[in-house]
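In: sequence plus the predicted model coming up.
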Amino acid sequence: MEVTATALAERIGGTVEGDATVLLNRIAKIEDANAGSLTFLANAEYEPHIYTTGASAALVSRDFTAIQDLPEALTLIRVADPYAAFAGILQWAAESKAYPAEISSHAAIHPTAKIGKNCYIGPFAVVEADASLGNDCQIHSHVSIGRGATVGNGCTIHRNAAVMDECQVGDDCILQAGAIIGSDGFGFAPNNSGSYNKVPQTGNVTIGNRCEIGAATTIDRATLGSTVIEDGVKLDNQIQVAHNVRIGANTVIAAQTGIAGSSTIGANCMIGGQVGFAGHIAVADGVKIAAQSGVTKSITEPHSIWQGTPAQPIKAYQSQQIALRKLIRALVLDRIEALEQKQP
């Protein structure tokens, strides 16, 4: 990436104050930036750094007013939303680093597989029989695309990820390294000997458009039918999604969350890290759940906020925590302090 401040401003709908011809060739945090760097200011807590930054240019809001002298070499690019503009620039920079459209001689592609136009397929990637890749995909080394699996247009699948047999991935999705789509669901039936027989998992996983699946996240195939990830879902690293789960559109889930089988998470939900969901429950649209909560029953109220184990409405949880602290104080701490005061 090398671009002038003027060209960058035109791309993002900004206006330039300062040297419009300055060349920008990298992106940096405001406190670490140096000459040639582009940075941004979106949080007031970081404003002191803009008066000392070594960056050549900074994205700021249209109404930003400096309260002291800015560095002489700093050019400002004013935009409506500095964070959104910066995110767009990062996306542009990432796209400029895309691998060339070529297929490695060390990749293994079955003759019946269908490969779209302008795809990159790295060394030791495997595309099995009757699988299908759309156009403009980036399939990195050691990725496995199973028999009959489909991957849409514009997808990026990073190293050691797998899309198992018959699973489907929509357009413009990203699978981070080690993500597993379509591993067997956890299905076992007890028998008379006290051991367990495996229940065949005959369904698949379907992932919508514009989804991102984090590193080492696992999404199990359905026992029957499909495990469904709807459009726009973002899953962090190391999440477990069990068989026959459905996650609604544009829901975001943080790391180490586990969702047991046949549960449904609504659209536009926000789930914190290390949340656990029991099986066969439903969560309404727009619900927010705090980190490390345990959801043991269905949540039917849309756009509500829950916390704790078992999870409950957040105000009730916080009231209980306050009452518990007061009880501990009254029953234990006050007595300890009284005893200490009696000591000679």
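Out: On my side now, so go ahead.
In: ok, now which ones touch Trp198?
Out: Small correction: residue 198 is Lys, not Trp. With contacts defined as Cβ atoms under 8 Å, 6 or more residues apart in numbering, the neighbours of Lys198 are 187-188. Every residue, glycine included, has its C-beta placed from N, CA and C.
In: does it have beta-bridge partners, and which?
Out: Note on Lys198: beta-bridge partners by DSSP bridges are Phe188.
In: can you check Lys114 too?
Out: Ser132.
In: next, count neighbours for it.
Out: Neighbour count of Lys114, defined by other Cβ atoms under 10 Å: 13.
In: and if you look at Pro190?
Out: The local packing of Pro190 (other Cβ under 10 Å) involves 9 other residues.
In: would you mind measuring from the nearest residue to it once chain neighbours are set aside to Phe188?
Out: The shortest distance from Pro190 to any non-neighbouring residue, by Cβ to Cβ, 6 or more residues apart in numbering, is to Tyr196 (5.7 Å). Using Cβ to Cβ, to the nearest Å, one gets 4 Å for the distance from Tyr196 to Phe188.
In: and if you look at Asn34?
Out: 58 Å.
In: now do Asp19
Out: 67 Å.
In: who has more neighbours out of those two?
Out: Ranked by neighbour count (other Cβ under 10 Å), Asp19 and Phe188 place Asp19 first, with 15 against 11.
In: quick one: the more buried one is in a strand?
Out: No. Looking at Asp19 with DSSP: H, G, I helix; E, B strand; the rest coil, it is coil, so not inside a strand.
In: and Ala107, how many residues sit next to it?
Out: 19.
In: what's it in contact with, if anything?
Out: When contacts are taken as Cβ under 8 Å, 6+ apart, Ala107 is in contact with 121-127.
In: those residues, buried ones only, as a PyMOL selection?
Out: Applying 16 or more other Cβ atoms under 10 Å to the contacts of Ala107, the buried members can be selected in PyMOL as follows:
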select buried, resi 121+122+124+125+126+127
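In: adding distance to Ala113, write the contacts of Ala107 out as a markdown table.
Out: As requested, the contacts of Ala107 are arranged in a markdown table below (distance: Cβ to Cβ, whole Å):
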| residue | distance to Ala113 |
| --- | --- |
| Ile121 | 10 |
| Gly122 | 15 |
| Pro123 | 17 |
| Phe124 | 16 |
| Ala125 | 11 |
| Val126 | 10 |
| Val127 | 5 |
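In: hmm, which two among the contacts of Ala107 are most spread apart?
Out: Pro123 and Val127 (13.0 Å; Cβ to Cβ).
In: shaky segments in this protein?
Out: Scanning the chain for pLDDT under 70 picks out 1, 333-334, 343-344.
In: domain parsing for it?
Out: 3-96, 108-314 (automatic domain parsing).
In: what's the most buried one of those domains?
Out: Across the domains of the chain, averaging neighbours per residue (mean count of other Cβ atoms under 10 Å) puts domain 108-314 on top, at a mean of 19.
In: just how off-centre is it within its chain?
Out: Relative to its parent chain, domain 108-314 has a centroid offset of 12 Å by Cα atoms, centre = their mean, to the nearest Å.
In: what's the end-to-end length of it?
Out: In domain 108-314, first residue to last residue: 52 Å (Cα to Cα, to the nearest Å).
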